[in-house]
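*Asks:* sequence unknown, structure follows:
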DNA sequence: CCCTGATTCGC
DNA sequence: GCGAATCAGG
């Protein structure tokens, strides 16, 4: 299989939707997930939460993140081919300095332990009043500067009108994967009819997906419109 | 073991 | 440019 424009578009789309490389691979068919990842990188699609790569800038070293943290890890640059079997870089890491004692608790014990002190690392649940403002907690003090955006918090559009439509998550080998609408739009969904056996689409959409090459003169003008056709803005 | 994405490197 | 092999974390 080669990377046609259509397949690249689909790759971009699905990758952008957060599907895994494996899912994209067998959605496209004829490629491995490695191929998908490789292509994605070459396209510059890059950077999705990788289990392997630290996606945060948090201190990677167990050592103290003190101000005097200088050594930007003398990276072992690519070395030309060596006769000896290449040593794993992990062993080359310089010995980290002995860990200092854990940081003392910044909160003095003398402080009056207010009941249910809000903690930064814990979500604070508060109710939303009419109009979308945040209700204050019982003991809470008013913020001197009210937070700018009093946006109402809504659940991330679960399924208003697409409740009975086929979502991406429900795709399987037996239902038509023909996309209707545009990805990212609220009513985007898939056909969902039973497939024409052996094909990813139902009989009707197979008719659109697979069209015999016709002689130029009587080929009908409208091109196939996967993904609901080109965007119009 | 399975999964994941990243990277390398021969083609 | 491609993708299998490999790596490495969850």
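*Replies:* Yes, it's here. Only a predicted model underlies this, so the values are computations on that prediction, with no experimental measurement involved. Numbering: from 1, shown residues only, chains lettered A, B, ... in the order given.

*Asks:* going forward, measure contacts and count neighbours with C-alpha atoms only.
*Replies:* Fine.

*Asks:* under the pLDDT cut-off, which ranges of chain A? List them.
*Replies:* Applying pLDDT under 70 to chain A flags the ranges A:50-171, A:183-184, A:206, A:208, A:210-233.

*Asks:* residue A:14: how many residues sit nearby?
*Replies:* 19 (other CA atoms under 10 Å).

*Asks:* tell me if the helix or strand harbouring it is near DNA strand C.
*Replies:* For residue A:14, the host element (DSSP states H and E) is helix A:5-16. No. With CA under 7 Å from any atom of the strand as the criterion, DNA strand C is not reached by helix A:5-16; the gap is at least 8.6 Å.

*Asks:* next secondary structure after that helix?
*Replies:* Next element after helix A:5-16 (DSSP H and E): helix A:21-28.

*Asks:* run the angle between that next one and helix A:5-16 for me.
*Replies:* 150 degrees (axes from the mean of the first three to the mean of the last three CA atoms, to 10 degrees).

*Asks:* in helix A:21-28, what counts as buried?
*Replies:* A:21-25, A:27-28 (16 or more other CA atoms under 10 Å).

*Asks:* give me the neighbour count for residue A:190.
*Replies:* 21.

*Asks:* spatially nearest residue to it (excluding sequence neighbours)?
*Replies:* Nearest residue to residue A:190, sequence neighbours excluded (CA to CA, 6 or more residues apart in numbering): residue A:179, at 4.4 Å.

*Asks:* gap between the one you found and residue A:39?
*Replies:* Applying CA to CA, to the nearest Å, the value for residue A:179 to residue A:39 is 23 Å.

*Asks:* the two: who's more crowded?
*Replies:* residue A:179 (21 against 17).

*Asks:* so which residue of chain A comes closest to DNA strand B?
*Replies:* residue A:20 (3.1 Å; CA to the nearest atom of the strand).

*Asks:* what's the neighbour count on that residue?
*Replies:* When neighbours are defined as other CA under 10 Å, residue A:20 has 15 of them.

*Asks:* likewise residue A:15?
*Replies:* Neighbours around residue A:15, by other CA under 10 Å: 20.

*Asks:* so is the helix or strand hosting residue A:38 next to DNA strand B?
*Replies:* Assigned by DSSP H and E, residue A:38 falls within helix A:33-43. Yes. Helix A:33-43 is in contact with DNA strand B by CA under 7 Å from any atom of the strand, via A:33-34, A:37-38, A:41.

*Asks:* and the residues you listed, which of them are buried?
*Replies:* Counted by 16+ other CA under 10 Å, the residues of helix A:33-43 next to DNA strand B give A:33, A:37 as buried.

*Asks:* near DNA strand C, from the residues of helix A:33-43 next to DNA strand B?
*Replies:* Counting by CA under 7 Å from any atom of the strand, the members of the residues of helix A:33-43 next to DNA strand B near DNA strand C are A:33-34, A:38.
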